[in-house]
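1. Mind folding the following:
(one chain, ligands or ions: 1)
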Amino acid sequence: LIARPVFRFAPSPNGDLHLGHALSALTGYEMARAIGGRFLLRIEDIDVTRTREAHVEAIFRDLAWLGLEWETPVLRQSARFDDYRAAASRLEADGILYPCFANRSQINAVVANAPNPRDPDGAPLYPARLRSAAALDAAARRARGEPFALRIDMARAIDAASDKLGGQPLTFTEIGADGRHETRHVRPQRWGDAVIVRKEIPASYHLAVVVDDAFQGVTHVTRGQDLLAATDIHRLLQVLLGLPEPVYHHHALILGEDGQKLSKSAGDTGFAALREAGVTAADVRARLALRIPSAPPRD
Ligand code: GLU
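-> Residues are numbered from 1 along each chain as shown. As a prediction, this is how the structure comes out:
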């Protein structure tokens, strides 16, 4: 028996879906259909303060309108905190994570005074000098119950991953728009000591996504190119946690009239506005069809 490939669409319910989400969802769905794969929907609601049940309902309604079908029950990340805690504990026990008490304004204050590299999302990398200063009283602050995030010690993490890979480089397989498989090398160091566990939430996007992709047996991660750089950290965490490696397809983004990435408040391209304007699901599919890899390979 050959296991069927598993695809997923994993929206965060903190706003309305727009054409960009339709493309992500359809890409995974159509690629799954082309190779007889399964298609899952996962609600990425770790940020419980930003999640609205109305948005979750709207996701189901909009995707059904688009003609998609997905397996039930739908996994919600808010029900998965114990597994994220367990994964973080393992990384911490391996000396890969360390506590960070700083908030954004403290980090910004430090980087304002000196040149500081930025991560692919444009946020300043966590400054080494903040880390060494904080290390002095970290244990005492932790004992006092002060809230802290857990950051990855990127240098140690890369060393540890390299050991696990027997010195082989850390890579992933990207399925191109033409369906061809291509090996890509990752550079997780450009993210610096990224947050892996947030202060108020027992995970970050990065940790939750790799733990759940493995938990759900996802073999094909399809998502927008805005998440391409995050694959560096995802592959690193997968190796450190001993999780299986999916293949990836990062589709081109649909840009708004202003050339910017569509946002959750992008009125005109939101599903509600499209429906109101008389756009049909078939219209949306037709508009997006050309972007789906033509012939996903069967391996
Ligand atoms: N939840 C993420 C988002 O809505 C996507 C996660 C992923 O596909 O890896 O941007």
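2. Give me every residue in the stretch 101-250 of the chain lying close to the ligand.
-> Counting by Cβ under 6 Å from any ligand atom, the stretch 101-250 of the chain comes close to the ligand at Val209, Arg223, Leu227. The way it works is simple: take the backbone N, C-alpha and C, and place the C-beta from them, glycine included.
3. ok, so of those residues, who is nearest Asn103?
-> Of all these, Val209 has the smallest distance to Asn103: 24.0 Å, by Cβ to Cβ.
4. Spell out the secondary structure type for the closest residue to the closest one other than its chain neighbours.
-> Of all residues not flanking Val209 in the chain, His234 sits nearest, at 6.4 Å (Cβ to Cβ, 6 or more residues apart in numbering). Recorded secondary structure, His234: helix (DSSP: H, G, I helix; E, B strand; the rest coil).
5. any idea how far His234 is from Asp153?
-> According to Cβ to Cβ, to the nearest Å, His234 stands 17 Å off from Asp153.
6. Neighbour count for the two, which is higher?
-> Under the neighbour definition other Cβ atoms under 10 Å, His234 and Asp153 were set side by side, and His234 has more, 24 against 17.
7. contacting residues around the more buried one?
-> Residues counted as contacts of His234 (Cβ atoms under 8 Å, 6 or more residues apart in numbering) are His206, Val209, Val210.
8. What count of nearby residues applies to Pro246?
-> Pro246 is flanked by 24 other residues according to other Cβ under 10 Å.
9. So for it, what's the nearest residue that isn't a sequence neighbour?
-> Once flanking residues are discounted, Pro246 sits nearest to Val221: 4.8 Å by Cβ to Cβ, 6+ apart.
10. what sits opposite the one you found in the beta ladder?
-> Beta-bridge pairing for Val221 (DSSP bridges): Arg8, Tyr248.
11. what pLDDT does it get?
-> Model confidence at Val221, given as pLDDT, is 98.
12. do the same with Tyr205
-> Tyr205 is assigned 97 on the pLDDT scale.
13. Ile196 too?
-> At Ile196, pLDDT is 98.
14. same question, Thr49
-> Looking at Thr49, the pLDDT reads 89.
15. for it, what are its contacts?
-> Glu200.
16. Tell me the spacing between it and Asp82.
-> Separation of Thr49 from Asp82 (Cβ to Cβ): 20 Å.
17. what's the answer for Tyr126, then?
-> Shown here: Tyr126 relative to Asp82, a distance of 27 Å by Cβ to Cβ.
18. just Thr222 next, same as before
-> Thr222 is 27 Å from Asp82, where distance means Cβ to Cβ.
19. Look at the residue in the stretch 51-200 of the chain positioned nearest to the ligand and say how many residues are nearby.
-> Taking Cβ to the nearest ligand atom as the measure, the stretch 51-200 of the chain has Gln77 as its residue closest to the ligand, at 8.7 Å. For Gln77, the neighbour count with other Cβ under 10 Å is 25.
20. For it, which non-adjacent residue is closest in space?
-> Leaving out its chain neighbours, the residue that sits closest to Gln77 by Cβ to Cβ, 6+ apart is Ile46, at 4.8 Å.
21. what helix or strand does that neighbour sit in?
-> Using DSSP states H and E, Ile46 falls within no helix or strand.
22. pLDDT at it, what is it?
-> 97.
23. Based on its surroundings, how many neighbours for it?
-> 24.
24. That one: what's it in contact with?
-> Shown in contact with Ile46 (Cβ under 8 Å, 6+ apart): Gln77, Ser78, Phe81, Tyr84, Ile201, Ala203, Ser204, Tyr205, Ala208.
25. what about stretch 28-39, start to end distance?
-> This stretch, stretch 28-39, spans 7 Å end to end (Cα to Cα, to the nearest Å).
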